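Student: Got a predicted structure plus its sequence, pasted below:
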Amino acid sequence: MSGRRAHSLARQFGFAAGLLAVALPALAAQDANPEFGPNVLIFDPSMSSQSIQKQIDAVYATQEHNEFGPQRNALLFLPGSYSVDVPVGFYTEVMGLGASPDATRIAGNLHADANLEHNNATTTFWRAAEGLSLGPAGGTMQWAVSQAVSLRRMHVRGDLALHQNHGWASGGWMSDSLVDGNVDSGSQQQWISRNCDWKSWTGANWNMVFVGVVHPPEGEWPSPPYTTVAQTPVIREKPFLQVNAAGEFSVRVPELHRGSVGISWRGGETAGETIPIARFYIARPDGDTAETINAQLARGKDLILTPGIYELTAPIRVARPHTVVLGLGFATLRPVRGTAAMTTADADGIEIAGLLFDAGASESPVLLEVGPQGSRARHAKDPITLHDVFFRVGGAAVGRTAVNLRINSNDTLLDHTWIWRADHGAGVGWGLNTSENGLVVNGNEVTIYGLFVEHHQQFQVLWKGNGGRTYFYQSEIPYDPPNQASYTSAPGVNGWASYKVADAVTRHEAWGLGVYSVFEHPDVLLTRAIETPKRPEVRFDDMITVALGDHGGITHVIDDTGEATSMQPRVTPKVKNFPERPH
């Protein structure tokens, strides 16, 4: 409610003598040793479990409760077997480096624990695990999380619990993952699973969305609140770092799929293109600037951003078709002169993944802009794709932006985002961390999976392009409008709808939406959670509104349909579909 020589690699990553005896000479011969810097730890299976555990514990000692700290970390496991316990704290990414998750096996635990007392995971943010096979001690992997937490390309050889002892938990994401046993969502308020497979699923609360899942649970929204979409209409899985048997690093860029169901690596690995690490510029926050990064991109390099905070005096400009930009360990981009943090050309196949965009004190017009305004090219065969891109305004410090993410390019795919105007932390207040919109979509045929957008001061989402599709939407409207006068979008309309489809749109679809209010000041209301033109090809399915505080509430779910929320008695209005149609 983020090479120099074999001995250099060994020294940098703490390899014991004799590790990678075969792989390192090959790396040295090809001059391909990646220099990921001090915030990336790479573990080898021939290291002692005690040595690995000590380094993991040192990272977690910093990151366990480091909600707004500057530290960023990536823990990378080379293929092989390990016996360790891996607690995953803030701004920590844990990754297996095999072509398949089954190439890197952990016997022990990998877990995310509730950040607050009383098993409360509602602030367990900004962490990730991918590309690993886990045999959890005790049989169950605990992953008690909320927003900006990604679970991808995982094989859980047991059960998976998405909560901690049924304490509060506020929504999350998993994709391309296999669970041999049961997934228990427990107290999770809402959740999206895309292209997953498991033996069984238990648990339901407000909104559980399953897209392209092999064994979705039985039942139909609203009782139980399960929204099931049989196939994922179009997706390209997130690019990932990998190491082959010769010790050579590369990045795998999965191919585009349509109408997919289940995991991408069922045949042993994910189909796609392999890009050698030598084609990447590996940026580091202690030495790189927008100027140095843009110079490398202009030379035709792809880009890896290693963990840390990049203070940017100008935008990073991604112009070449098929450029891959991959962040490790929640690499964070912060504009410091009121510019965008990153822009892209209107070009085929650009991939941006694993980044946190953090607004600076000088207001930016936008933090990430996909394609220039007025973009018209079609990219249906090779779309621009964004994976695990997260946005924050305030919380660590004062931040200001007009728009967080603006998508101008047609056919763009967005695969998991949390776009957050902070409701707690430093620099938080109605006149301090200012942000009009979380997401503005101008492009046509844009598809989004896992859209989390919260607390912005006008429309959370403003969708102007035609043919848009959203699979799962979670949104809290702002807590802190001081009065109704400051939160009025039009005469007689209280507040700004959370999800706004512009009047000129003729085609749009959305499935599984939850909009929630927690007003801090009395006598503040929102007239409509969702606002849309009423046309036969503008369709919404499975919507809920909930009031979570004693003040104010939401009058209608969508346009003038759906009753008002209430705390006493408790009323959580639901609308099955809009416009209403037989089912």
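Tutor: Received the coordinates, thanks. Numbers count the residues shown, from 1 in each chain.
Student: pLDDT score for residue 580?
Tutor: Residue 580 is assigned a pLDDT of 85 by the prediction.
Student: distance of it from residue 100?
Tutor: 46 Å (CB to CB, to the nearest Å). No exception for glycine: its C-beta is placed from N, CA and C like everyone else's.
Student: Among those two, which residue is more densely surrounded?
Tutor: residue 100 (21 against 9; other CB atoms under 10 Å).
Student: surely the more buried one meets residue 268?
Tutor: Yes. With contact defined as CB atoms under 8 Å, residue 100 reaches residue 268; the gap is 5.5 Å.
Student: And residue 293, its phi and psi?
Tutor: Backbone dihedrals for residue 293, given as degrees, to the nearest 10, come out at phi -70, psi -40.
Student: Can you check the pLDDT for it?
Tutor: In this model, residue 293 carries a pLDDT of 98.
Student: hang on, it packs against residue 318?
Tutor: No. With contact defined as CB under 8 Å, residue 293 does not count as touching residue 318 (9.9 Å).
Student: Tell me who's in contact with residue 201.
Tutor: Each residue near residue 201 by CB atoms under 8 Å, 6 or more residues apart in numbering is listed here: 182-185, 215-217.
Student: Among these, which one sits closest to residue 104?
Tutor: Compare each of the contacts of residue 201 with residue 104 using CB to CB and the shortest gap goes to residue 183, at 21.3 Å.
Student: Quick check: beta-bridge partners of the closest one?
Tutor: Taking DSSP bridges as the rule, residue 183 bridges to residue 160, residue 201.
Student: Roughly how far does it sit from residue 191?
Tutor: Counting by CB to CB - residue 183 and residue 191 are separated by 9 Å.
Student: ditto for residue 570
Tutor: Taken as CB to CB, the span from residue 570 to residue 191 is 22 Å.
Student: Those two: who's more crowded?
Tutor: Neighbour totals were compared for residue 570 and residue 191, and residue 191 leads with 28 against 9 (other CB under 10 Å).
Student: does that one sit in a helix, a strand or a coil?
Tutor: Classification of residue 191 by DSSP: H, G, I helix; E, B strand; the rest coil places it in strand.
Student: who's in contact with it?
Tutor: 162, 171-174, 185, 207-209.
Student: May I ask you to confirm that residue 270 is in contact with residue 254?
Tutor: Yes. The criterion here is CB under 8 Å, and residue 270 meets it with residue 254 at 4.9 Å.
Student: got any residues that touch both of the two?
Tutor: In contact with both residue 270 and residue 254: 237, 264, using CB under 8 Å, 6+ apart.
Student: Can you spell out which helices and strands pack onto the helix or strand hosting residue 82?
Tutor: Taking DSSP states H and E as the definition, one finds residue 82 inside strand 80-87. Secondary-structure packing of strand 80-87 (3 or more CB pairs under 8 Å, 6 or more residues apart in numbering; DSSP states H and E): helix 49-63, strand 104-111.
Student: Going by neighbour count, list what's buried in it.
Tutor: Buried positions in strand 80-87, judged by neighbour count with 16 or more other CB atoms under 10 Å: 80, 82, 84-87.
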